[in-house]
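[1] got a sequence here, can you build the structure:
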Amino acid sequence: MSAVSVLDVFALIVIALALAQSLLHLAELIVAALALADEPLEAESDLVWRRCSSAAPPVSVIAPAYNEAATIVESVKSLLSLRYPEFEIIVVNDGSRDATLAQLRQAFDLRPIERDWDMKLQHARIRRVYAAALHPNLIVIDKDNGGKADALNAGINVSQMPVFCCVDADSILESDALLRAVRPFVEDPDRVVASGGTVRVANGCVVKDGQVVQVGLSGNLLALLQTVEYVRAFQLARLAWSRIGALTIISGAFGLFRRSAVVAAGGYKSTTVGEDIELVVRLHRNAIENRRDQRVVFVPEPVCWTEAPERLADLATQRTRWQRGALETFSAHWEMLLHSRVGALGLGRVLLVDVVGPVVEVAGWLLLPLFWAVGALSLDYFMAFFAVSCGFGVAISLSALGMQEAELSRTPRFRDLAILAFVSVIENLGYRQLNAAWRLMGLAQYLLGVKQWGAIARRGFATAPSS
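    Presented below is the predicted three-dimensional model:
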């Protein structure tokens, strides 16, 4: 076979795999649109309260915190303002080296207490447990550093409710988010073991007393690009995979779990940096092995606001970590591909998008233009790859944005919507390729056995002056 023929075959493989990913995203769009059409969203918070509050199970809200002094007080105020019948808040200070614990003690008048807890899940030593003088449902655990999964296990052991909600300590929940997210547990209490809500970028928003009082956009281009990414990830992918019963991830920033199911599965795994996806896949695996009928559900209405990285170095750290987490999970549970519908579909997506995807995409963007430039490849092949990769990407992002606004009205100002539409176009012209490179770096780190979590700088939320 001649060199030109080999290059032609290589180009066709790259284009075919890019087309497969694009068709996957198109299928997600169609399924997500059908899901929204079949189950109209409930806009009125009061109506959700009347329907669900009497049957809503008690919930422990667990917030691991490591060096979160910049945002911890506003985040806890957000949790305290939740509109929910019965809940406790457990903040786990995971050996922070900054003023996280001091900020909590000063803001909420924490006092040491004696409290019994289970030791069903393993975690680092708990130094002391505090309670807030003016907020009897606020508990703070101070423990040795062990990582996020370890901190969550400590929170689960200390928790006393049948359902727990994990939230990032740098996040803010809308006041009705918990009640909306618990709805699947109310409607299908025998089968639902986990549910998750929408995560939105808080950069550019104004926060007062733990709530987003003014929705806005950041002036930072990286934050804007991530805003579009989050819309596509949650309003398309999560909703679509939930609809077909093959959702393999509940975001670590905001998710609800049945405590007994998680304890039976062994809790969070501290040896992976992708503890959120690994736990959900393991819950699926346990259900398959024990022949239990269970559901993992995504609910689009509840919103959790989070601070997105605004520096390239921080974003690279986050994305390489996410990639390593997905690969670690796939490596541990790949057999599910062969033995279950959830595995074939859910882990099949991980195989296509996370395992094969970065290699093919980076190879396409680096090698196809080079082969064309030296005259070894037809321009048609390169243009076909560009059209499939960028054309589909723009169409899917714009469709996700339009569907979100039609159903959820997340962007109050037309000017902001126009900016996001423009960002949906330009993200395919450099940012997407950069993401592919970061994911390839994550693959390399995984193969080299890198385990570090990686620190990300926090600027804190923009706060409105107190009246």
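[2] list the helices and strands the longest helix seen in the chain packs on?
    Identified as the longest helix of the chain according to DSSP state H is helix 3-38. In this structure, helix 3-38 packs against helix 239-243, helix 357-373, helix 379-386, helix 392-408, with contacts taken as 3 or more Cβ pairs under 8 Å, 6 or more residues apart in numbering; DSSP states H and E. Using the backbone N, CA and C atoms, a C-beta is placed for each residue, glycine as well.
[3] quick one: contacts of the shortest one?
    Counting by Cβ atoms under 8 Å, 6 or more residues apart in numbering, helix 239-243 makes contact with 27-29, 31-32, 34-36, 247-248, 296-298, 300, 345-346, 349, all of which sit outside it.
[4] same question for stretch 202-222.
    Taking Cβ under 8 Å, 6+ apart as the rule, stretch 202-222 contacts 74-81, 172, 174-175, 201, 223-224, 227, 305-312, 315, 410-412, 416, 419-420, 423, 461-464, 466.
[5] put the buried members of these into a PyMOL selection.
    This is the PyMOL syntax for the buried subset of these, where burial follows 16 or more other Cβ atoms under 10 Å:
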select buried, resi 74+75+76+77+78+79+80+172+174+201+223+224+227+305+306+307+308+309+310+315+410+411+416+419+420+423+461+462
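[6] in strands only, show me the contacts of stretch 202-222.
    Among the contacts of stretch 202-222, DSSP state E puts I172, V201, W305, T306, A462, T463 in strands.
[7] OK, contacts around the last one?
    By that I understand T463. With Cβ under 8 Å, 6+ apart, T463 has these contacts: E74, V206, V207, K208.
[8] swap in 10 Å and give it another go.
    T463 makes contact with V73, E74, V206, V207, K208, D209, G210, V213, according to Cβ atoms under 10 Å, 6 or more residues apart in numbering.
[9] turn the residues you listed into JSON lines, including pLDDT and distance to R319.
    Below are the contacts of T463 laid out as JSON lines (pLDDT from 0 to 100; distance: Cβ to Cβ, whole Å):
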{"residue": "V73", "pLDDT": "91", "distance to R319": "28"}
{"residue": "E74", "pLDDT": "86", "distance to R319": "26"}
{"residue": "V206", "pLDDT": "90", "distance to R319": "27"}
{"residue": "V207", "pLDDT": "87", "distance to R319": "25"}
{"residue": "K208", "pLDDT": "84", "distance to R319": "31"}
{"residue": "D209", "pLDDT": "79", "distance to R319": "33"}
{"residue": "G210", "pLDDT": "79", "distance to R319": "29"}
{"residue": "V213", "pLDDT": "87", "distance to R319": "30"}
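[10] reformat those residues as CSV; add distance to T272.
    Output for these, formatted as CSV (distance: Cβ to Cβ, whole Å):
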residue, distance to T272
V73, 30
E74, 29
V206, 36
V207, 32
K208, 37
D209, 36
G210, 31
V213, 37
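[11] if we take those residues, which one ends up nearest to N290?
    G210 (40.3 Å; Cβ to Cβ).
[12] how close does that closest one sit to W305?
    10 Å (Cβ to Cβ, to the nearest Å).
[13] between the two, what contacts are shared?
    Joint contacts of G210 and W305 (Cβ under 10 Å, 6+ apart) are S75, S78, I172, L173, F461.
[14] by pLDDT, rank the residues you listed and give me the bottom one.
    Of all these, F461 carries the smallest pLDDT score, 70.
[15] touching, F164 and L279? I think so.
    No - if you go by Cβ atoms under 10 Å, F164 and L279 don't touch, sitting 11.9 Å apart.
[16] those two: which is more packed in?
    A count of neighbours by other Cβ atoms under 10 Å puts L279 above the other of F164 and L279, at 28 against 24.
[17] only alpha carbons, please: show the helix or strand encompassing that one as PDB.
    Using DSSP states H and E, L279 sits within helix 275-289. The C-alpha coordinates for helix 275-289 follow below in PDB (Å, rounded to 0.1, in the frame of the first residue of the first chain):
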ATOM      1  CA  GLU A 275     -14.800  10.100  42.800                       C
ATOM      2  CA  ASP A 276     -18.100  11.400  41.500                       C
ATOM      3  CA  ILE A 277     -18.300   9.400  38.300                       C
ATOM      4  CA  GLU A 278     -16.700   6.300  39.900                       C
ATOM      5  CA  LEU A 279     -19.300   6.200  42.700                       C
ATOM      6  CA  VAL A 280     -22.200   6.400  40.200                       C
ATOM      7  CA  VAL A 281     -20.800   3.700  38.000                       C
ATOM      8  CA  ARG A 282     -20.100   1.500  41.000                       C
ATOM      9  CA  LEU A 283     -23.700   1.900  42.200                       C
ATOM     10  CA  HIS A 284     -24.900   0.800  38.700                       C
ATOM     11  CA  ARG A 285     -22.500  -2.200  38.900                       C
ATOM     12  CA  ASN A 286     -23.700  -3.200  42.300                       C
ATOM     13  CA  ALA A 287     -27.300  -3.100  41.200                       C
ATOM     14  CA  ILE A 288     -26.500  -5.200  38.100                       C
ATOM     15  CA  GLU A 289     -24.600  -7.800  40.200                       C
END
